[in-house]
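K.L.:
Take a look and give me a structure for this.
(3 chains)
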Amino acid sequence: MVSGKKKPENDFFALVYEVTKLIPYGRVTSYGAIARYLGSGRSARMVGWALNACHGINDPIPAHRVVNREGLLSGKHHFGSPTLMEQLLINEGIDVEENKVVNFKEKFWDPLIELG
DNA sequence: ATTCTGACAGCAA
DNA sequence: TTTGCTGCCAGAA
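P.N.:
As a prediction, this is how the structure comes out:
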């Protein structure tokens, strides 16, 4: 293989995209939960970094369903519009106040549990 | 090649 | 209790 030097299918980014796309409608998860599911544990920062690159791919990544462990919309500033992420969440029936997901614990979707 | 940053989270003081 | 630093891994300068 001489050409495929970069972008393996098992790329950490691709895994993050897959998990993110598995988040059901009206649910949210956290960066740490995804990182832990991938086996990286504390590499939650990489999850956010991966989602930062979700703008460059053709697949629709529901990155608005990924928030930090507090339920805070830490990435709202990266959706082109500072209110887009909040609007998308509200559009799915998720209440957002003060840039924070209301009833985050109830809306929380853990890949470790849901996916096994 | 080295250094810094980054959509976080855990632990120490 | 809150505040702040460190750890994580990869990409950009």
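K.L.:
tally of neighbours for A:L73?
P.N.:
A:L73 has 23 neighbouring residues, counting by other C-beta atoms under 10 Å. C-betas here are computed from N, CA, C, even on glycine.
K.L.:
Quick check: phi and psi on the residue nearest to it when sequence neighbours are not counted?
P.N.:
Excluding its sequence neighbours, the residue lying closest to A:L73 (C-beta to C-beta, 6 or more residues apart in numbering) is A:N99, at 4.8 Å. Here is the backbone geometry of A:N99 (degrees, to the nearest 10): phi 60, psi 20.
K.L.:
now do A:I57
P.N.:
The phi/psi pair for A:I57 (degrees, to the nearest 10) is phi -110, psi 160.
K.L.:
show me where pLDDT drops low in chain A?
P.N.:
A:1-10 (pLDDT under 70).
K.L.:
residues from it in reach of DNA strand C?
P.N.:
Within chain A, the positions near DNA strand C by C-beta under 7 Å from any atom of the strand are A:F12, A:F13, A:S40, A:G41, A:R42, A:S43, A:A44, A:R45, A:M46, A:W49.
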